[in-house]
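Asker: turn this into a model:
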Amino acid sequence: MNLVRDYTGIDGYTAGVSRPLLLVSNDDGFNSPGIQALVAALEPLGEVWVVAPDRENSAVSHALTLSRPLRLVEAGPRRYLVDGTPTDCIALALGHVLKGRRVDLVVSGINHGANMGDDVHYSGTVSAAFEAAVQGLPAIAVSLVAGNGWEFGHAARIARWLARRVLRLGMPEGTLLNVNVPPGTPRGAALTRLGKHRYTEGVIEGTDPRGKRCYWIGGGDPVWERIAGTDFVAIADGLVSITPLQRDMTDLARLEQLRSESGWELEGLP
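Answerer: Modelled structure (predicted):
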């Protein structure tokens, strides 16, 4: 596991000639304590704008609202609410609120709960960062793993540390950082890959108050595999997990293998 042991000295920021422009969103909603802690942590780094859902949008993935118009409400200076998904928020922020301005970094979070392994495909928090990556912007998604209560201080400081690093060093286009912070005080940080897990009960059948059958998706506790170098192992070891993700999901090795095979011509289709 590639460890980054030292994340001290992350408070404070030496401003350059111009202040960076940072865009913040999430999937827990505009009034979430997680996003409030994130904004407070990022304020010393530059000009922070918030465009976030007006309510919780967990597990909506990369959904984009096309079937109805969206409403954008100004809640204060550089603060906006959207009656849509996290992806809607990024699209409105870049296409309207901040149109014509250069956004230096997009940060999504701090999410209430982990976004590790296969769950990144469902996460609204990660999808907001993915939408920024689709638009060619550097992005970070930050999540706090559940513990005894929700204390966002360490996660906020980690977010500021990584934001400063990305603002200074940049990031390849189409790449985002998916960050998970353990409960309590982290022992350090690890550069990881996505792990594997499954839920013990995928669907739970129940009965509504009127006696009709209903179903809950996502029941049961997840069971994860202890695979070295993964986000699950890092969190279990008390480390911050930092996983670079790409918007291009092409399996390049398989693509080259398929290209080497014959029989891809359309002639002679049954």
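
Asker: for the nearest residue to residue 186 once chain neighbours are set aside, which three-state class applies?
Answerer: If the residues on either side of it in the chain are set aside, residue 186 comes closest to residue 240, at 4.8 Å by C-beta to C-beta, 6 or more residues apart in numbering. Just so you know, the C-beta spots here come from the backbone N, C-alpha and C atoms, and that holds for glycine as well. Under DSSP: H, G, I helix; E, B strand; the rest coil, residue 240 falls in the strand class.

Asker: which residues does residue 240 contact?
Answerer: Residue 240 is in contact with 7, 158, 179, 180, 181, 182, 186, 188, 189, 190, 234, counting by C-beta atoms under 8 Å, 6 or more residues apart in numbering.

Asker: same thing with residue 122?
Answerer: Neighbouring residues of residue 122 by C-beta under 8 Å, 6+ apart: 59, 61.

Asker: tell me how far the residue nearest to residue 186 lies from residue 142.
Answerer: 10 Å (C-beta to C-beta, to the nearest Å).

Asker: do the same with residue 159
Answerer: On the measure of C-beta to C-beta, residue 159 and residue 142 end up 5 Å apart.

Asker: list residues touching both of these two?
Answerer: Residues touching both residue 159 and residue 142 (C-beta under 8 Å, 6+ apart): 38, 107, 109, 110, 179.

Asker: looking at residue 159 and residue 142, which is more packed in?
Answerer: residue 142 (31 against 26; other C-beta atoms under 10 Å).

Asker: mind listing the helices for the stretch 151-270 of the chain?
Answerer: With DSSP state H, counting those that start in this stretch as the criterion, the stretch 151-270 of the chain has helices at 153-169, 231-236, 252-260.

Asker: pLDDT (mean, whole number) over the longest one?
Answerer: Pointing back at helix 153-169 there. Mean pLDDT, helix 153-169: 97.

Asker: kindly format the C-alpha coordinates of stretch 89-109 as CSV.
Answerer: This file holds the C-alpha atoms of stretch 89-109, laid out as CSV (Å, rounded to 0.1, in the frame of the first residue of the first chain):
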residue,chain,number,x,y,z
CYS,A,89,-25.8,21.4,-9.6
ILE,A,90,-22.5,21.2,-11.4
ALA,A,91,-24.1,21.7,-14.8
LEU,A,92,-26.0,24.8,-13.6
ALA,A,93,-22.9,26.2,-11.8
LEU,A,94,-20.7,25.9,-14.8
GLY,A,95,-23.3,26.7,-17.5
HIS,A,96,-25.0,29.6,-15.7
VAL,A,97,-23.9,30.7,-12.3
LEU,A,98,-20.2,30.8,-13.1
LYS,A,99,-20.5,31.0,-16.9
GLY,A,100,-17.4,32.6,-18.5
ARG,A,101,-15.3,32.3,-15.4
ARG,A,102,-12.5,29.8,-14.8
VAL,A,103,-13.1,27.3,-12.1
ASP,A,104,-9.9,26.0,-10.6
LEU,A,105,-11.2,23.2,-8.5
VAL,A,106,-14.5,21.4,-7.7
VAL,A,107,-14.9,19.7,-4.3
SER,A,108,-17.9,17.5,-3.4
GLY,A,109,-18.8,16.5,0.1
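
Asker: how far does that stretch sit from its chain's centre?
Answerer: Distance of stretch 89-109 from its chain centroid, counting by C-alpha atoms, centre = their mean, to the nearest Å, is 15 Å.

Asker: the chain: strands as residue ranges?
Answerer: Using DSSP state E, the strands of the chain run over 2-4, 21-25, 47-53, 72-76, 79-82, 105-112, 139-144, 175-181, 188-191, 197-199, 203-207, 213-217, 222-224, 239-246.
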